[in-house]
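Novice: here is my input; please provide its structure:
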Amino acid sequence: MVKRLFWIGVGIVVGVVAVSKAQSYVKANTPKTAREFILGPDQTNVAARTLNGLFQEFQQARIQRESELNARYAERFRA
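Specialist: Just a heads-up that it's a prediction; the model follows:
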């Protein structure tokens, strides 16, 4: 169990470092128009916008699934 947690942590750290290095490379070696196409016009907050978008999508999916389950199981208890 500890080995798995260790390797998951290593994977997360390697992923974060790889993404930050890739973004730095893109910022340094691409023209402004291409960079804006890839990273968007607000290039300083790409990670925050991405995490916020993922969180919002997760919340929408969770609320939709929760309402489906409530509708399905509420009918069983009403009868």
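
Novice: all contacts plus neighbour counts: C-alpha atoms, from now on.
Specialist: Will do.

Novice: any idea how far Arg62 lies from Met1?
Specialist: Using Cα to Cα, to the nearest Å, Arg62 is found at 29 Å from Met1.

Novice: the two - which one has more neighbours?
Specialist: The neighbour comparison of Arg62 against Met1 (other Cα atoms under 10 Å) goes to Arg62, with 12 against 5.

Novice: to which secondary structure element is that one assigned?
Specialist: helix 46-78 (DSSP states H and E).

Novice: what of Val17?
Specialist: Taking DSSP H and E as the definition, Val17 sits inside helix 2-29.

Novice: where does the protein have low pLDDT?
Specialist: Applying pLDDT under 70 to the chain flags residues 78-79.

Novice: in it, which residue is closest to the centre?
Specialist: Geometric centre of the chain, nearest residue: Leu54, 4.1 Å, by Cα atoms, centre = their mean.
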